[in-house]
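Engineer: below is the sequence, then the predicted model.
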Amino acid sequence: MNSEPIAFMDSGIGGLTVLKVALKELPHENMIYLGDEAHMPYGEKSVDQVIDYSLEIGDFFENQDAKCMVVACNTATASALSELQTKLNIPVVGVIKPGSTAAVKATKKEKIGVIGTKVTVNSHAYKKEIQKLNPNAEVIELACPTFIPLVEKGDYTSQLAKDTVAAGLQSIKDSGIDTLVLGCTHFPIIANLIQAVMGDDVQLIDPGFETVNVAKSILADKNELNNAKITETKYYTTEGVTHFDEVASQWLNRKVGSKLITPDQLKEYGR
Ligand code: DGL
């Protein structure tokens, strides 16, 4: 048994979609969540920049005695997972392999779509992972960077949000896929808008579920799951505490009071 926290990172509030699953599936665990709002969007940064940010956050998590790190960001997973796994002393779980596993299980037509940031799509990390699991699978990848600001602003219902999602998905809408991976952790928050455009015949995959299962089984194998009745989740953001708390409280349905940790403070934890 180990009561140290499981730590989650994202560029912003998107990783809360993974944390939300974890809070439900692992109710006896302490957690840390860090949203790197000061550097968001990661999807428009260079791979090297995303690696640097992710390593600083990983070092901070180790300093907080985290027992496991979940990279609850597809862009950071695509860019920095192997560096994090090499450099940190704790297990590091990304979202792309679990998301690919779920997609391969779900597809019947072996035709899978993936939507994500530019960095994630350009890395072809999903395509490689999916085709490792099923070499016959056809994978269509599409960058949807315009969806992320909607989610960060908390705009999930306006006509502008609906129009933006419809325009963004236009080229994949009639491509014949039967499964669509939400390859950006911001997207499950607007899953209903995405589903409305894609139609009910397309199954949406939220990699968060499988990711939390993977983290759970790693900790179970190490006998490091906790069984506390009262647990704590600490939230950090690198910018914009008030806005982060507002959007996070709404999505998680609980009161979130985050602490500011500036990029300079975070750098001090870097190696
Ligand atoms: N949530 C991040 C992801 O899963 C992307 C958002 C960003 O571009 O920062 O890729």
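Structural biologist: That came in fine, so what should we check first?
Engineer: residues contacting residue 36?
Structural biologist: Contact analysis of residue 36 by C-beta atoms under 8 Å, 6 or more residues apart in numbering lists 9-12, 42, 53, 57, 237-238, 263. Glycine gets a C-beta too; all of them are placed from N, C-alpha and C.
Engineer: what about the residues you listed, which one has the most neighbours?
Structural biologist: residue 11 (32 neighbours; other C-beta atoms under 10 Å).
Engineer: tell me the contacts of that one?
Structural biologist: Contacts of residue 11 (C-beta under 8 Å, 6+ apart): 35-37, 39-43, 53, 73, 75-76.
Engineer: let's see it at 7 Å
Structural biologist: By C-beta atoms under 7 Å, 6 or more residues apart in numbering, residue 11 lies in contact with 36, 39-42, 73, 75.
Engineer: what of residue 5?
Structural biologist: 30-32, 64, 66.
Engineer: swap in 8 Å and give it another go.
Structural biologist: Contacts of residue 5 by C-beta under 8 Å, 6+ apart are 29-32, 64-67, 232, 234.
Engineer: residue 137 now?
Structural biologist: Counted by C-beta under 8 Å, 6+ apart, residue 137 has contacts 104, 107, 110-112, 130-131.
Engineer: against the ligand, how distant is the nearest residue to it once chain neighbours are set aside?
Structural biologist: Nearest residue to residue 137, sequence neighbours excluded (C-beta to C-beta, 6 or more residues apart in numbering): residue 110, at 4.7 Å. For residue 110, the distance to the ligand equals 25 Å [C-beta to the nearest ligand atom, to the nearest Å].
Engineer: hmm, back to that, out of the contacts of residue 36, which touch the ligand?
Structural biologist: 10-12, 42 (C-beta under 6 Å from any ligand atom).
Engineer: among the residues you listed, name the ones in strands.
Structural biologist: Under the assignment DSSP state E, these contribute residue 10 to strands.
Engineer: ok, residue 43 touching residue 146?
Structural biologist: No: counting by C-beta atoms under 8 Å, residue 43 does not reach residue 146; the two are 10.8 Å apart.
Engineer: more crowded one of these two?
Structural biologist: Ranked by neighbour count (other C-beta under 10 Å), residue 43 and residue 146 place residue 43 first, with 24 against 11.
Engineer: measure the more buried one to residue 183 for me?
Structural biologist: 11 Å (C-beta to C-beta, to the nearest Å).
Engineer: quick check: neighbours shared by those two?
Structural biologist: Residues touching both residue 43 and residue 183 (C-beta under 8 Å, 6+ apart) are 116, 120.
Engineer: where do the strands sit along the stretch 101-250 of the chain?
Structural biologist: With DSSP state E, counting those that start in this stretch as the criterion, the stretch 101-250 of the chain has strands at 111-116, 138-143, 179-182, 203-205, 233-237.
Engineer: need these in TSV (columns: mean pLDDT).
Structural biologist: Formatted as TSV, those follow (pLDDT from 0 to 100):
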stretch	mean pLDDT
strand 111-116	98
strand 138-143	98
strand 179-182	98
strand 203-205	98
strand 233-237	98
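Engineer: put together TSV for those strands, with distance to residue 191 on each row.
Structural biologist: Formatted as TSV, the strands of the stretch 101-250 of the chain follow (distance: least, C-beta to C-beta, whole Å):
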stretch	distance to residue 191
strand 111-116	11
strand 138-143	16
strand 179-182	7
strand 203-205	6
strand 233-237	23
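Engineer: where does this protein have low pLDDT?
Structural biologist: 270-271 (pLDDT under 70).
Engineer: brilliant, that's me finished.
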